[in-house]
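Peer 1: The amino acid sequence is not available; the structure is as follows:
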């Protein structure tokens, strides 16, 4: 479980405003499910 080093850029379709987001990534070992959440930085 950790934040990914690279940040992503998202763009609001209405205003055109761009914003950096950090990704949090976790892999659950026994079920092998992946959890990803984008967080405003």
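Peer 2: That came in fine, so what should we check first? It should be emphasised that the depicted structure is a prediction, and the values quoted were computed from it without experimental measurement.

Peer 1: and the longest strand that the chain contains, what other elements does it pack with?
Peer 2: Determined from DSSP state E, the single longest strand within the chain is strand 18-27. With contacts taken as 3 or more Cβ pairs under 8 Å, 6 or more residues apart in numbering; DSSP states H and E, strand 18-27 sits against strand 2-3, strand 8-11, strand 34-40. Placement of C-beta: from N, CA and C, glycine included.

Peer 1: The longest one to strand 18-27, inter-axis angle?
Peer 2: With axes from the mean of the first three to the mean of the last three Cα atoms, to 10 degrees defining the directions, strand 34-40 sits at 150 degrees from strand 18-27.

Peer 1: Just the mean pLDDT for strand 34-40, thanks.
Peer 2: For strand 34-40, the mean pLDDT works out to 92.

Peer 1: strand partners of that strand, parallel vs antiparallel please.
Peer 2: Using DSSP bridges, strand 34-40 pairs in its sheet with strand 18-27 (antiparallel).

Peer 1: quick one: residue 25 and residue 15, what's the gap?
Peer 2: 28 Å (Cβ to Cβ, to the nearest Å).

Peer 1: Sorry, wrong one. I was asking about residue 34.
Peer 2: Distance from residue 34 to residue 15, counting by Cβ to Cβ: 31 Å.
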